[in-house]
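J.: Could you look at this predicted model? Sequence included:
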Amino acid sequence: MTILELYCLRRPGGSRTALWSIERRIRVKSAHAPNSDAEPYHSMGLYMPALISVTPDNVETVLSDLPRMVRLALGFGSRLRRGTLEVTLPDGRIIRLGGLEPGPSAAMTLYHFGFASRLLNGGDIGIAEAYLNGEWDTPDLTQFLYLFCVNHDLIQAMLGDKPLIRFVQIVRHWFNRNTRRQARRNIYAHYDIGNAFYSAWLDPSMTYSSALFEDHTPDLAAAQNNKYHRLAEAIDLQPGQKLLEIGCGWGGFAEYAAKTFGAKVVGLTISKEQRDFAQARIQKAGLSEQVEIRLRDYRDERDRYDRIASIEMIEAVGEQFWPKYFSQLRDRLLPGGLAGIQAITIQDSLFHTYRREVDFIQRYVFPGGMLPSPQVLKSLGERFGVPVIRERIFGQDYAKTLAIWRSNFRAAWPNLTPSGFDDRFRRLWEYYLAYCEAGFLSGNIDVRQVVFAKSK
């Protein structure tokens, strides 16, 4: 066992983060000794920079030689209430921020002081853009983002006096709103980058939504089937019933509902890549007489159905079009019909602030999208005559799903680079998956299967 490994074992709360941190200190000190203040690590014959604890009271004096923007950024960081962040600066100094209350411990290395300007001017989008550009790194991206999720008020404080930046972000988001024409562009930007890309890291069912891990679930594929089964049961799907799936993706649920429950399914998508893939899988499964995949916007559907399912599609609708979405649920259901929606939701307490801003997901991943809150879903259901009758909540299962996806993505990356995807693309997707995982771990966002009922 190496001395580094012993250090991690002996240090309280020792972890891979601790190991990464000490290795980083040794490497930095080797490059800078003997001109910087250091404490000798005698058992190894090496020097390491002293760890500096930065608080709101001492940031101006302890780091007085740094640029003003950097001091401001670190000053905000020193106000971390829950957990700690250990930052290795470009000059080799290592500082610790936060620690007022227990919480996540994270570490990061800054490669460029320009990160401070991005952080102060862009909040969470600025942090993301700096990561995409390789201006900082961390041994555990999910843990880093989790730290900021449990201190989300800090990001709000940074942007509190930046109305112009917020206005620009909102205008940009407005131009991406999901009109029929723009919806196709937005979907193309995310889904039509190739089925081969998604098949490299999703499970064999090509399911791009949260799985449901129940007792003794052996793997992700089985957990995805659990999710399908519970949703079909929740809407009391019966053999021979007509089922509309709004946003059918690559056809996983449509196939499952037809094969396992005997339903007659119509699936809607506006992605040509998904439509072609779904049609091929339905034909291969011998279900062409039971399942029809239509390249159609949900707003243009005119048939009526016994049941409706929609798995993580409402997030892409956009607040402006939620009334149309719910009016379609009402109008497309036969009397006594049920609709089951699997939706990612944001806490009611965070919704008011969230809806006034544009986050990383809306800027880089799902243009035009927006998360509803639980109360918003209930209110819309009541307003349009399809009240909520039951729901299932399983946010921590989504965190687990995302962790598996990110692991699969990293393992598959060497085989994806020949397709023309560059390192910025890789960092974007790793950040996106970790960002979502952290959100579910913190409880700021959740996922639920909600059943809406139309009266007889």
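T.: Here it is on my side, so go on. What you see is a predicted model, and the numbers here were worked out from it, not measured in a lab. Residues are numbered from 1 along each chain as shown.

J.: isn't I308 right up against R330?
T.: No - here I308 does not reach R330: they are 10.0 Å apart, not a contact under Cβ atoms under 8 Å. Any C-beta I mention is one placed from the backbone N, CA and C, and that applies to glycine too.

J.: before we move on, what SS does H112 have?
T.: coil (DSSP: H, G, I helix; E, B strand; the rest coil).

J.: Show the low-confidence segments of the stretch 251-400 of the chain, by residue range.
T.: Along the stretch 251-400 of the chain, the model assigns pLDDT under 70 to no residue.

J.: ranges for the strands of the stretch 351-456 of the chain?
T.: For the stretch 351-456 of the chain, the strands defined by DSSP state E, counting those that start in this stretch occupy 388-393, 445-453.

J.: what about D348, distance to N444?
T.: 11 Å (Cβ to Cβ, to the nearest Å).

J.: Comparing these two, which residue is more hemmed in?
T.: N444 (18 against 11; other Cβ atoms under 10 Å).

J.: What separation is there between the more buried one and S288?
T.: With Cβ to Cβ as the criterion, N444 and S288 are 43 Å apart.

J.: Also Y198?
T.: 23 Å.

J.: Which one's more surrounded, I308 and R330?
T.: Comparing I308 with R330 by other Cβ under 10 Å, the one with more neighbours is I308, at 26 against 17.

J.: now the helix or strand encompassing the more buried one and strand 445-453, what's the angle there?
T.: Per DSSP states H and E: I308 is located in strand 305-311. Following axes from the mean of the first three to the mean of the last three Cα atoms, to 10 degrees, one obtains 180 degrees for the angle between strand 305-311 and strand 445-453.

J.: any idea which helix or strand comes after strand 305-311?
T.: With secondary structure assigned by DSSP H and E, strand 305-311 is succeeded by helix 322-332.

J.: Give me the distance between that following helix and the centre of its chain.
T.: Distance of helix 322-332 from the chain centroid (Cα atoms, centre = their mean, to the nearest Å) equals 26 Å.

J.: Quick check: buried residues in it?
T.: For helix 322-332, burial by neighbour count (16 or more other Cβ atoms under 10 Å) applies to 322, 325-330, 332.

J.: Also stretch 291-308?
T.: 291, 293-294, 296-299, 301, 305-308.

J.: for stretch 270-285, same thing?
T.: 270-271, 273-275, 277-279, 281-282, 285.

J.: can you put those residues in CSV and add distance to A232 and secondary structure?
T.: Below are these laid out as CSV (distance: Cβ to Cβ, whole Å; DSSP: H, G, I helix; E, B strand; the rest coil):
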residue, distance to A232, secondary structure
I270, 24, coil
S271, 23, coil
E273, 26, helix
Q274, 21, helix
R275, 22, helix
F277, 21, helix
A278, 18, helix
Q279, 21, helix
R281, 18, helix
I282, 17, helix
A285, 16, coil
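
J.: Same list, those residues, but as a markdown table with distance to F213 please.
T.: Listed next are the buried residues of stretch 270-285 as a markdown table, based on distance: Cβ to Cβ, whole Å:
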| residue | distance to F213 |
| --- | --- |
| I270 | 30 |
| S271 | 27 |
| E273 | 28 |
| Q274 | 25 |
| R275 | 30 |
| F277 | 26 |
| A278 | 25 |
| Q279 | 30 |
| R281 | 24 |
| I282 | 27 |
| A285 | 25 |
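
J.: hmm, back to that, more crowded one of Y198 and S288?
T.: Between Y198 and S288, counted using other Cβ under 10 Å, Y198 has the larger neighbour count: 18 against 13.

J.: Quick check: phi and psi at that one.
T.: phi -70, psi -40 (degrees, to the nearest 10).

J.: Just to check, it is in contact with M206?
T.: Yes - in terms of Cβ under 8 Å, Y198 counts as a neighbour of M206; the distance is 6.5 Å.

J.: joint contacts of the two?
T.: W250 (Cβ atoms under 8 Å, 6 or more residues apart in numbering).

J.: how near is D348 to N151?
T.: 20 Å.

J.: residues in contact with M108?
T.: 85-88, 136-138, 144.

J.: Distance-wise, check it relative to K378.
T.: 39 Å.

J.: and what of A263?
T.: Where K378 is concerned, A263 sits at a distance of 27 Å (Cβ to Cβ).

J.: and if you look at K242?
T.: Taking Cβ to Cβ, one finds K242 at 26 Å from K378.

J.: With I127 instead?
T.: From I127 to K378 the distance is 33 Å (Cβ to Cβ).

J.: which one of these two has more residues nearby?
T.: I127 (24 against 16).

J.: Please name the nearest non-neighbouring residue to the more buried one.
T.: Using Cβ to Cβ, 6 or more residues apart in numbering and skipping residues adjacent in sequence, the residue nearest I127 is L119, 5.9 Å away.

J.: what are the phi and psi values for the closest residue to R427 other than its chain neighbours?
T.: Excluding its sequence neighbours, the residue lying closest to R427 (Cβ to Cβ, 6+ apart) is L132, at 5.2 Å. Main-chain dihedrals, L132, degrees, to the nearest 10: phi -60, psi -30.

J.: so L132 sits right up against Y431, yeah?
T.: Yes - using Cβ under 8 Å, L132 is in contact with Y431, at 6.9 Å.

J.: So these two - more neighbours on which side?
T.: Counted by other Cβ under 10 Å, L132 and Y431 do not tie: Y431 has more neighbours, with 21 against 18.

J.: domains for the protein, by residue range?
T.: 3-161, 181-453 (automatic domain parsing).

J.: Most tightly packed of the ones you listed?
T.: domain 181-453 (a mean of 19; mean count of other Cβ atoms under 10 Å).

J.: for S53, which residues make a bridge with it?
T.: R96 (DSSP bridges).

J.: List the residues that contact R296.
T.: 268-270.

J.: ah, wrong one, I meant P218
T.: P218 touches nothing, counting by Cβ under 8 Å, 6+ apart.

J.: which SS class is it?
T.: Assignment for P218 (three-state DSSP): coil.

J.: go on, S288?
T.: Classified using three-state DSSP, S288 is coil.

J.: I am assuming it contacts A280, so please confirm or correct that.
T.: No - counting by Cβ under 8 Å, S288 does not reach A280; the two are 10.6 Å apart.

J.: Common neighbours of those two, please.
T.: With Cβ under 8 Å, 6+ apart as the test, S288 and A280 reach no residue in common.
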